[in-house]
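S.K.: mind folding the following:
(one chain, ligands or ions: 1)
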Amino acid sequence: WSNPRCNGNLPPGSMGLPLLGESLEFFASNSSSDIPPFVKERMKRYGPVFRTSLVGRPVIVSTNSDLNYYIFQQEGRLFQSWYPDTFTEIFGKQNVGSLHGFIYKYLKGMVLNLFGPESLRKMLTEVEQAANKSLDMWSRQETVELKDASAAMIFDLTAKKLISHDPEKSSENLRENFVAFIKGLISFPLNIPGTAYHKCLQGRKKAMTMLENMLEERRRRPNKVQRDFYDYVLEELQRKDTVLTEAVALDLMFVLLFASFETTSLAITFAIKMLAENPHVLKELTEEHDAILRKREDSELGLTWKEYKSMKFTFQVINETARLGNIVPGIFRKALKDIKYKEHTIPAGWAVMVCPPAVHLNPSTYKDPLQFNPWRWEESELKGASKNFMAFGGGMRFCVGTDFTKVQMAVFLHCLVTKYRWVLMKGGDIVRTPGLQFPNGLHIQISEKHKIRARGGRNHPSRQDDEEADHVYC
Ligand code: HEM
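M.R.: Numbers count the residues shown, from 1 in each chain. Model (predicted):
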């Protein structure tokens with residue numbers, strides 16, 4: 001068990017206990033923005049590439065930026081996307097298997113079309129309206145739990161674009177099913193009532209049933225004009241020469257809805273926490289957005305694509321949020337052949353976990369890596385992925401939603417910093433697990449800037465320790 005067979009030299013490491021491997025250490029939560037202790041300790045002991053065993057699977061963990069980059073580039077040749085058996089069980093074998101090769105490329109084209117510059121340009125006003133509506137609602141509440149509130153905002157927007165879902169009109173709560181699903185996604189695979197894993201399977205089942213019913217309904221009563229992405233998928237399904245099957249189409253819709261709201265809402269929450277803790281960053285960000293408003297000829301108009309493209313510092317803030325936030329802490333692949341890398345061999349069939357936090361928090365690449373410092377991106381090319389930046393993956397499977405996320409974050413930040421002030425009220429401690437659950441329960445109090453002025457409340461929490469507020473509002 002502890003010395004698996006290999007046609008070469010296995011990377012160093014421990015396979016832990018029989019069956020359980022090192023799963024318990026891997027799943028333990030931690031509370032820092034640093035490289036997860038599971039990985040950090042093993043990097044010290046074994047070096048940048050090591051072996052382990054997680055939920056019954058032998059795994060090679062790579063914290064080496066060159067190897068990570070190589071893994072991304074060799075997708076489909078030496079490596080293939082692979083997620084732990086829990087994932088395959090949850091998503092259905094259908095999905096994980098079929099999102100490869102030809103069908104996969106074909107689907108990606110469709111999705112890229114949805115999130116391409118032309119679509120995003122058209123979406124800008126909708127994103128701005130959604131942000132304004134949510135911020136207005138939040139400012140009427142005593143406090144807002146930011147992660148949930150922004151997840152709701154983003155889910156509603158994405159679900160509208162993808163399937164024209166209107167939560168106010170729908171009798172079923174689609175988002176609730178996704179929340180249950182996500183909470184158990186990277187949990188121990190124990191399928192008994194009460195466990196997170198069980199709730200996760202139930203959540204997926206219910207959401208899939210809703211999507212199936214919707215598809216059925218549209219088949220019976222097709223929309224005359226294409227209203228959303230689901231109509232587009234349905235058109236593809238009905239073409240004679242299509243390679244798309246109904247099962248793959250349903251999985252695609254599910255994956256898009258899932259991938260869209262959890263990641264972006266975490267990024268927004270993390271960004272707000274960082275901005276609150278780094279007032280000098282908030283100041284520069286606010287100046288950038290105030291300048292956009294000052295330059296606008298007609299103050300009644302909303303954001304334009306040109307204005308969006310001009311948000312240089314905002315994109316630096318977003319990149320820094322993605323680097324330090326490490327929203328996707330592990331990217332999984334499977335070795336298709338025995339692969340020799342330097343003096344080691346990755347055996348065929350083994351899982352490989354690329355570890356972006358180890359790359360993003362490497363002090364030899366990023367000075368003071370735990371500092372939130374958007375200026376470090378000043379001279380960098382902010383697009384795409386590189387050996388040192390893989391928050392959105394890399395190679396063929398580079399995240400299709402990157403530009404959509406950036407639009408949502410930039411527009412949200414624009415609305416927030418130009419019209420509102422906020423203070424952190426409670427929570428927000430970093431709690432990381434191999435899944436996606438941080439910052440924990442961040443509550444903020446948010447107020448419209450002009451109302452603070454009207455209230456004149458010197459003691460309003462939004463004004464404490466804020467020189468700029470005195471300058472602007474006294
Ligand atoms: C902060 C926000 C986001 C982050 C950090 C993020 C991160 C990632 C990463 C690391 C991957 C690569 C996974 C792999 O190689 O196995 C990925 C893939 C993907 N992302 Fe995102 N993502 C974000 C937002 C979104 C959004 C908004 C959408 C869609 C609406 C989306 C849809 C996808 C899809 C469909 C894939 C699979 C692409 C493929 O397998 O080729 N993501 N994302």
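S.K.: number of residues surrounding the closest residue to Cys355 other than its chain neighbours?
M.R.: Leaving out its chain neighbours, the residue that sits closest to Cys355 by CB to CB, 6 or more residues apart in numbering is Thr63, at 4.9 Å. Quick note: C-beta positions are derived from backbone N, CA and C, even for glycine. Counted with other CB atoms under 10 Å, residues neighbouring Thr63 total 24.
S.K.: now the one 4 residues further on
M.R.: The local packing of Leu67 (other CB under 10 Å) involves 21 other residues.
S.K.: list the contacts for Asp156?
M.R.: Under the criterion of CB atoms under 8 Å, 6 or more residues apart in numbering, the neighbours of Asp156 are 130, 165, 167, 175.
S.K.: buried residues in the stretch of helix or strand it belongs to?
M.R.: Mapping Asp156 onto the secondary structure by DSSP states H and E places it in helix 146-163. Using 16 or more other CB atoms under 10 Å as the test for burial, helix 146-163 gives 146-147, 149-159, 161-163.
S.K.: and Lys306, how far is that from Lys295?
M.R.: As judged by CB to CB, to the nearest Å, Lys306 and Lys295 stand 10 Å apart.
S.K.: name the residues of the chain found near the ligand, please.
M.R.: Counting by CB under 6 Å from any ligand atom, the chain comes close to the ligand at 81, 108, 255-256, 259-260, 263-264, 267, 322, 327-328, 331, 391-393, 397, 399-401, 404-405.
S.K.: contacting residues around Arg45?
M.R.: Pro12.
S.K.: please disregard the earlier target; I meant Gly349.
M.R.: Taking CB under 8 Å, 6+ apart, one finds 334-335 in contact with Gly349.
S.K.: could you do the one 3 residues further on as well?
M.R.: Applying CB under 8 Å, 6+ apart to Val352 gives the contacts 59-62, 71, 79, 332-335, 346.
S.K.: OK, now which residue of the protein is nearest to the ligand?
M.R.: Gly401 (2.1 Å; CB to the nearest ligand atom).
S.K.: neighbours of that residue, how many?
M.R.: 19.
S.K.: ok so, going back, and the furthest pair within the buried residues of helix 146-163?
M.R.: Farthest apart among the buried residues of helix 146-163 by CB to CB are Leu146 and Ile163. That separation is 25.5 Å.
S.K.: which parts of the one helix or strand Glu288 maps to are buried?
M.R.: Glu288 is part of helix 279-295 when elements are defined by DSSP H and E. In terms of neighbour count (16+ other CB under 10 Å), helix 279-295 has its buried residues at 281-282, 284-286, 288-289, 292.
S.K.: would a markdown table of the residues you listed with distance to Thr418 and pLDDT be doable?
M.R.: A markdown table is the format used below for the buried residues of helix 279-295 (distance: CB to CB, whole Å; pLDDT from 0 to 100):
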| residue | distance to Thr418 | pLDDT |
| --- | --- | --- |
| Val281 | 16 | 98 |
| Leu282 | 12 | 97 |
| Glu284 | 14 | 98 |
| Leu285 | 10 | 98 |
| Thr286 | 7 | 97 |
| Glu288 | 10 | 98 |
| His289 | 5 | 97 |
| Ile292 | 8 | 96 |
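S.K.: let me know the closest of those to Leu10.
M.R.: For these, the nearest to Leu10 is Val281 (44.2 Å; CB to CB).
S.K.: rewinding a little: Pro48 is in contact with the residue nearest to Cys355, correct?
M.R.: Yes: the pair Thr63 and Pro48 qualifies as a contact (CB atoms under 8 Å) at a distance of 4.8 Å.
S.K.: got a list of what Val328 touches?
M.R.: Applying CB under 8 Å, 6+ apart, the residues contacting Val328 are 263, 356, 391, 393, 436.
S.K.: before we move on, back to that, do you know the pLDDT at the residue nearest to Cys355?
M.R.: pLDDT for Thr63: 97.
S.K.: now do the same contact list for it.
M.R.: Counting by CB under 8 Å, 6+ apart, Thr63 makes contact with 35, 39, 43, 48-49, 355, 358-359.
S.K.: repeat that for Leu190.
M.R.: Going by CB under 8 Å, 6+ apart, Leu190 touches 197-198.
S.K.: tell me the pLDDT at it?
M.R.: For Leu190, the model assigns a pLDDT of 77.
S.K.: which stretches of the stretch 101-250 of the chain form strands?
M.R.: Using DSSP state E, counting those that start in this stretch, the strands of the stretch 101-250 of the chain run over 144-145.
S.K.: poorly predicted segments of it, please.
M.R.: Segments of the stretch 101-250 of the chain classed as low confidence (criterion: pLDDT under 70) are 101-106, 170-171, 185-188, 225-226.
S.K.: thinking again about what came up before, reformat the contacts of Val352 as a markdown table; add distance to Ser23 and neighbour count.
M.R.: A markdown table is the format used below for those (distance: CB to CB, whole Å; neighbours: other CB atoms under 10 Å):
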| residue | distance to Ser23 | neighbour count |
| --- | --- | --- |
| Val59 | 10 | 23 |
| Ile60 | 16 | 26 |
| Val61 | 13 | 26 |
| Ser62 | 19 | 25 |
| Ile71 | 22 | 25 |
| Phe79 | 22 | 23 |
| Phe332 | 14 | 17 |
| Arg333 | 19 | 25 |
| Lys334 | 18 | 17 |
| Ala335 | 20 | 21 |
| Ile346 | 20 | 29 |
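S.K.: show me those that map onto helices.
M.R.: Counted as lying in helices by DSSP state H, out of the contacts of Val352, are Ile71.
S.K.: how far does stretch 387-403 sit from the chain's center?
M.R.: Distance, stretch centre to chain centre, for stretch 387-403: 11 Å (CA atoms, centre = their mean, to the nearest Å).
S.K.: for that stretch, list the C-alpha coordinates in CSV.
M.R.: Only the C-alpha atoms of stretch 387-403 are listed here, as CSV (Å, rounded to 0.1, in the frame of the first residue of the first chain):
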residue,chain,number,x,y,z
LYS,A,387,2.9,30.0,-15.4
ASN,A,388,2.5,32.3,-12.4
PHE,A,389,-1.2,33.0,-12.6
MET,A,390,-3.7,30.2,-12.8
ALA,A,391,-6.7,31.4,-10.8
PHE,A,392,-8.9,30.6,-13.9
GLY,A,393,-7.0,27.5,-14.9
GLY,A,394,-5.0,27.3,-18.1
GLY,A,395,-4.6,25.6,-21.5
MET,A,396,-7.6,24.1,-23.2
ARG,A,397,-9.8,24.2,-20.2
PHE,A,398,-9.2,27.8,-19.2
CYS,A,399,-12.4,29.1,-17.5
VAL,A,400,-15.0,30.1,-20.1
GLY,A,401,-16.6,32.5,-17.5
THR,A,402,-13.6,34.7,-16.8
ASP,A,403,-14.7,37.7,-18.8
